[in-house]
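**Student:** Please work out how this folds:
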Amino acid sequence: MKLTIAILLFLPLSLKAQEFELLSFIRTNYPEAVDSVLTQMALDSLAYASRQDLGYGIDWDYGSFHSSNDGLLKIYHFAGEACGAYCNPFYQSIIAIGDTIDKAYQFQEAEDFDFNIDSIITLIAAKEYLAFGNHSGRPRGVEGVWGQNVVHCSIENGFQIKWSFRSTTSSMVEQESPMSEISYDSEKMTISYSYDWYDQYDNFRNYRVSGVWKFNGAIFEEQEKKVEYDDN
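**Tutor:** Residues are numbered from 1 along each chain as shown. Okay, here's the model as predicted:
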């Protein structure tokens with residue numbers, strides 16, 4: 001385990017936002033870690049789709065590393081793309097949780113971060129965190145979607161997702177620049193959001209949804225929500 005931890009400390013230096021073949025990437029960067037927890041999980045889980053369907057439009061594109069400022073939560077994040085009639089991204093992560101006393105990391109697989117992670121901030125020191133990011137996709141041939149994400153996670157009793165929210169807009173919204181945003185106020189401990197969407201059963205009327213989620217010390221509760229139709 002000590003060897004695995006030592007190798008993982010160098011992972012942020014090696015993960016680049018570039019195309020790569022996952023198995024070659026692991027073996028090239030970590031030849032000493034063939035039997036490590038990270039490599040075994042990657043071989044068993046992260047590369048499963050590639051091994052089964054390689055040549056059918058499924059590829060891993062890049063890896064990235066993200067850490068909380070106290071170093072107790074680390075996310076090793078891998079992203080790929082699956083293409084059929086059109087392409088959509090897919091993601092997989094390995095979570096490293098550090099003990100608050102000796103920082104002896106425990107690893108586990110996670111599928112909850114189905115977006116591009118941008119940052120991790122501390123909500124409650126050594127206990128709870130918020131991960132922010134963005135997503136995009138093509139749910140159908142005539143439509144593309146994109147937006148912002150936030151995930152509330154805890155490491156107090158092992159890693160767990162407590163709440164998540166995504167603000168998503170669509171290319172079907174008849175505006176020049178459809179809005180989708182999420183912002184966090186650390187003093188008020190609130191998350192504000194807004195996004196534009198459309199009602200396809202009502203002459204494709206555009207509307208904007210906005211609201212606020214507030215942390216009550218344990219979970220985020222919806223404090224405000226407003227829907228406004230654009231009838232101009």
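**Student:** buried stuff in stretch 217-228?
**Tutor:** Across stretch 217-228, burial judged by 16 or more other CB atoms under 10 Å covers residue 220. No exception for glycine: its C-beta is placed from N, CA and C like everyone else's.
**Student:** Also stretch 149-159?
**Tutor:** Within stretch 149-159, the residues scored as buried using 16+ other CB under 10 Å are 149-155, 159.
**Student:** Can you name the residues in contact with it?
**Tutor:** Contact with stretch 149-159 is made by 72-73, 95, 97-98, 106, 108, 110, 112-113, 115, 123, 126-135, 160-167, 182, 184, 191, 219-220, as judged by CB atoms under 8 Å, 6 or more residues apart in numbering.
**Student:** from the middle of its chain, how far away would that stretch be?
**Tutor:** Centroid separation for stretch 149-159 versus its chain: 12 Å, with CA atoms, centre = their mean, to the nearest Å.
**Student:** correct me, but residue 192 touches residue 209?
**Tutor:** No - contact between residue 192 and residue 209 fails when scored by CB atoms under 8 Å: they sit 11.8 Å apart.
**Student:** Identify, from the buried residues of stretch 149-159, the entry nearest to residue 143.
**Tutor:** Lowest distance from residue 143 to these (CB to CB) belongs to residue 149, with 18.9 Å.
**Student:** now the closest one: how far from residue 230?
**Tutor:** Remark: distance between residue 149 and residue 230 (CB to CB, to the nearest Å) = 25 Å.
**Student:** what residues does stretch 181-201 touch?
**Tutor:** With contacts defined as CB under 8 Å, 6+ apart, stretch 181-201 is touched by 121, 123, 130, 132, 147-150, 165, 167-170, 172-175, 178-180, 204-215, 220, 223, 229.
**Student:** Tell me which entries of these lie within strands.
**Tutor:** 121, 123, 130, 132, 147-150, 165, 167-170, 180, 205-215, 220, 223, 229 (DSSP state E).
**Student:** Just send the buried residues of stretch 149-159 back as CSV, with pLDDT too.
**Tutor:** Below are the buried residues of stretch 149-159 laid out as CSV (pLDDT from 0 to 100):
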residue, pLDDT
149, 98
150, 98
151, 97
152, 98
153, 96
154, 95
155, 92
159, 91
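**Student:** State the pair within those that is farthest apart.
**Tutor:** Among these, 149 and 155 lie farthest apart (CB to CB), at 19.2 Å.
**Student:** Since that was my last question, I'll sign off now.
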